[in-house]
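Asks: I would like the atomic coordinates for the input below:
(chains A, B and C)
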Amino acid sequence: MAVSRISVKLSADGGMSDITGQVQGELEKTGLAEGIVTVFMPGSTGAITTIEYEPGLVKNDLPEALARIAPADIPYEHHKRWGDDNGRGHVKASIMSPSLVVPFTEGELTLGTWQQIVAINWDTRPRRREIIVQIMGE
Amino acid sequence: MAVSRISVKLSADGGMSDITGQVQGELEKTGLAEGIVTVFMPGSTGAITTIEYEPGLVKNDLPEALARIAPADIPYEHHKRWGDDNGRGHVKASIMSPSLVVPFTEGELTLGTWQQIVAINWDTRPRRREIIVQIMGE
Amino acid sequence: MAVSRISVKLSADGGMSDITGQVQGELEKTGLAEGIVTVFMPGSTGAITTIEYEPGLVKNDLPEALARIAPADIPYEHHKRWGDDNGRGHVKASIMSPSLVVPFTEGELTLGTWQQIVAINWDTRPRRREIIVQIMGE
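Replies: Below you'll find the model as predicted:
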């Protein structure tokens, strides 16, 4: 069992980083062969998921789909509470989940060829994020 | 390793409860220092996620976003099968997921300061829900 | 600890298969009493979730809700990159997550009575999928 932290700088409103290599690197440090990796983003405006990491999906298609669920140009009750402007970011993060569990076998993550693990910042300002990588196995 | 159940009473159509304190309490009972907690809601109209638990997001912004995906005022094929009226609740639950995994270190959940674990009832009637808290670590 | 693979053939654009029996079968082979099962779909156009597995939700209500987030009839930047036509499938998969963790106690998955584990193919062509079932416990 091992836990480590990955630090990434992410732009606003859907800024995304491919952290697959860093997660695989943490896995290799443990020397474990089989088990699960939990990737978790602390904070209520971030998400962890997988995607084919190419600019069309990353910069346009996924953020535009989330903007249909939580548009920028509607009122949010959250803004009345703190004077914030990031209600849409909270909504997107809660729907997408801050947590992802990926199995590994023979020391390798069981991802598809075109499937990368990404950290996403849905906040309305750029954020540095510390991501937890928890590894269990034998 | 330990497993326990949390019971919460939730209102209809997005009724939400902050269960962070109860999950942390179950973790403390185990005396474990490092590992993962799996929070799971049995049932096909409930979800587990994280959110900043303040009334604007909880009562308005998140439920309104989910209602854009699964509106109340459209027909659902599910209703023809059982005479149910909760097709929208099933859809919201399947999209959001009934499961959340959160790592812990030094006996503490690795949540952000403004990030709470919530149980959500997307059914169209109030429901008492039993939530599973499964803890693994050392 | 054990890991196995389930193979399912899935139709296009939301083709779904109830894999609950196969997951429970893999669990029984291990003889483990308590722990967690991680169900993971390799690939960037697939998802794992739970649903009440009846045709109205499976064939209509859930796919139609996802089509509101990622419609078929809008342009996707992803298509410009590879000449693909499955941008909507990638978007749906990233939002829904390829991973699900379900606790088990006394050798049984802690699912609700009407709650089944499903594998979903959001790609725009039928796909055979290999699903990872990772089991940890004691």
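
Asks: and residue A:72, that one's in a strand?
Replies: No. Secondary structure of residue A:72 (DSSP: H, G, I helix; E, B strand; the rest coil): coil, not part of a strand.

Asks: host element of the closest residue to residue A:86 other than its chain neighbours?
Replies: Excluding its sequence neighbours, the residue lying closest to residue A:86 (Cβ to Cβ, 6 or more residues apart in numbering or on different chains) is residue A:124, at 4.3 Å. Quick note: C-beta positions are derived from backbone N, CA and C, even for glycine. Assessed by DSSP states H and E, residue A:124 sits outside every helix and strand.

Asks: what's the spacing between residue A:124 and residue C:111?
Replies: Per Cβ to Cβ, to the nearest Å, residue A:124 is found 38 Å from residue C:111.

Asks: So for those two, which sits in the more crowded spot?
Replies: residue C:111 (21 against 16; other Cβ atoms under 10 Å in any protein chain shown).

Asks: Now for that one: which residues touch it?
Replies: Applying Cβ atoms under 8 Å, 6 or more residues apart in numbering or on different chains to residue C:111 gives the contacts B:42, C:20, C:50, C:102, C:117.

Asks: picking that back up, how far away is the residue nearest to residue A:86 from chain C?
Replies: 20 Å (Cβ to the nearest Cβ, to the nearest Å).

Asks: what packs against the strand ranked longest in chain A?
Replies: When chain A is parsed with DSSP state E, its longest strand is strand A:127-137. Secondary structure elements in contact with strand A:127-137, counted by 3 or more Cβ pairs under 8 Å, 6 or more residues apart in numbering or on different chains; DSSP states H and E, are strand A:2-10, helix A:20-30, strand A:35-40, strand A:46-51, strand A:116-121, strand B:35-40, strand B:99-105.

Asks: Next SSE downstream of the fourth one?
Replies: Pointing back at strand A:46-51 there. helix A:55.

Asks: mind checking the backbone torsions on the residue of chain A found nearest chain B?
Replies: Using Cβ to the nearest Cβ, the closest approach of chain A to chain B is made by residue A:77 at 3.2 Å. Phi and psi for residue A:77, reported as degrees, to the nearest 10, are phi -60, psi -30.

Asks: show me what contacts the residue nearest to residue A:79 when sequence neighbours are not counted?
Replies: Using Cβ to Cβ, 6+ apart and skipping the chain neighbours, the partner closest in space to residue A:79 is residue A:87 (5.6 Å). Applying Cβ under 8 Å, 6+ apart, one finds that residue A:87 lies in contact with A:70, A:76, A:77, A:78, A:79, B:56, B:57, B:61.

Asks: at 7 Å instead, please
Replies: Taking Cβ atoms under 7 Å, 6 or more residues apart in numbering or on different chains, we find residue A:87 in contact with A:76, A:78, A:79, B:57, B:61.
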